[in-house]
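Q: sequence isn't available, so here's the structure alone:
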């Protein structure tokens, strides 16, 4: 049987998704964006990846977040997304906001990572081919490079915009001082830094403690959060042990050592607060990141349509009382 041509939900912009402005710009992002770090690689089932992408767009998610090395294997998430573009999304390209990044290890040799002009330019050209795109909506310097002159990295971002290969640029995981330099350098060249992407969740509050969130706001730059569920710790997955099919059990970035007795105690306490709010722990964790206007969007990962649907429920209640905030802060 031949699958029919994809027709998105006609009510995708009136089904509950809310959109937030990115700093001082014309861009609005959905409160929840879909990240393709996991579950879209060549080790994953394409049909499942396609279903998740369709479901996301059908429910108002217009922003798809990628990077050159997402997979596994490296580059394969972009290849998968390229197939989705060709099969389904190409007629709706102008409704989508697509990102890529470069800076982490991608290929062998001295030019396969970090922030040199050679690496960034080559990475973007490769990403465009993999994704069947003429341009990305935003391209990030994926991490601060302490050895390459920052001016070289930033000027490359400027040139990408002037070449028409990226509409906007951003930075990811930069220390505060380097971020300040980046904001100013880009501003002086009339290429606004649209977004700062950083890890931010109930267990990792460095962006607020270090002043990254406030700095971005003062610079007219939006902040987009990744790892809002601490790779699954801020869900009900580990309340009663380690499931065999969990990330911890499979190995990888989330290690068994991270689920300490103290962490489990905090997870259970937060789960009780979430229940009192009528939310799951995951819903509350996502809602907490979106609790004020310092965050433009939150990037979630998903392994299934059901998981994606559950996470989307978070936007139904992103308000917290003073007492709820106090309880959460005390955990």
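A: Right, received. Where do you want to start? Since the structure is predicted, the reported quantities are computational estimates derived from the model, not experimental observations.
Q: C-alpha from now on. contacts and neighbour counts both.
A: Fine.
Q: tell me the contacts of the closest residue in space to residue 216 that isn't next to it in sequence?
A: Among residues not flanking residue 216 along the chain, residue 222 sits closest, at 6.2 Å (CA to CA, 6 or more residues apart in numbering). Shown in contact with residue 222 (CA atoms under 8 Å, 6 or more residues apart in numbering): 21, 22, 23, 24, 194, 195, 196, 216, 294, 295, 296.
Q: any chance you could map the helices in the chain?
A: Ranges of helices in the chain, per DSSP state H, are 46-58, 76-84, 117-131, 150-162, 176-188, 206-209, 212-218, 247-250, 261-276, 281-289, 305-312, 322-330.
Q: quick one: which of the contacts of residue 222 is nearest residue 238?
A: Set against residue 238, the nearest of these by CA to CA is residue 295 (27.1 Å).
Q: separation between the closest residue to the closest one other than its chain neighbours and residue 32?
A: Of all residues not flanking residue 295 in the chain, residue 223 sits nearest, at 5.0 Å (CA to CA, 6+ apart). Separation of residue 223 from residue 32 (CA to CA, to the nearest Å): 13 Å.
Q: shared neighbours of these two, anything?
A: If you check residue 223 and residue 32 against CA under 8 Å, 6+ apart, the residues they both contact are residue 297.
Q: show me the contacts for the residue lying closest to residue 40 once chain neighbours are set aside.
A: Using CA to CA, 6+ apart and skipping residues adjacent in sequence, the residue nearest residue 40 is residue 77, 4.9 Å away. Contacts for residue 77 (CA under 8 Å, 6+ apart) come out as 36, 37, 38, 40, 41, 42, 66, 69, 70, 71.
Q: likewise residue 85?
A: Going by CA under 8 Å, 6+ apart, the list of residues near residue 85 reads 131, 132.
Q: the closest residue to residue 230 other than its chain neighbours: neighbour count?
A: Sequence neighbours aside, residue 201 is the residue nearest to residue 230 in space, at 6.6 Å (criterion: CA to CA, 6+ apart). Residues within reach of residue 201, counting by other CA atoms under 10 Å, total 21.
Q: kindly state the pLDDT recorded for the residue nearest to residue 216?
A: At residue 222, the pLDDT value in this model is 98.
Q: again with residue 246
A: pLDDT, residue 246: 53.
Q: just residue 317 next, same as before
A: Taking residue 317 on its own, its pLDDT is 97.
Q: so who does it touch?
A: Contact analysis of residue 317 by CA under 8 Å, 6+ apart lists residue 287.
Q: can you mark which positions in stretch 58-78 are buried?
A: 58-72, 74-78 (16 or more other CA atoms under 10 Å).
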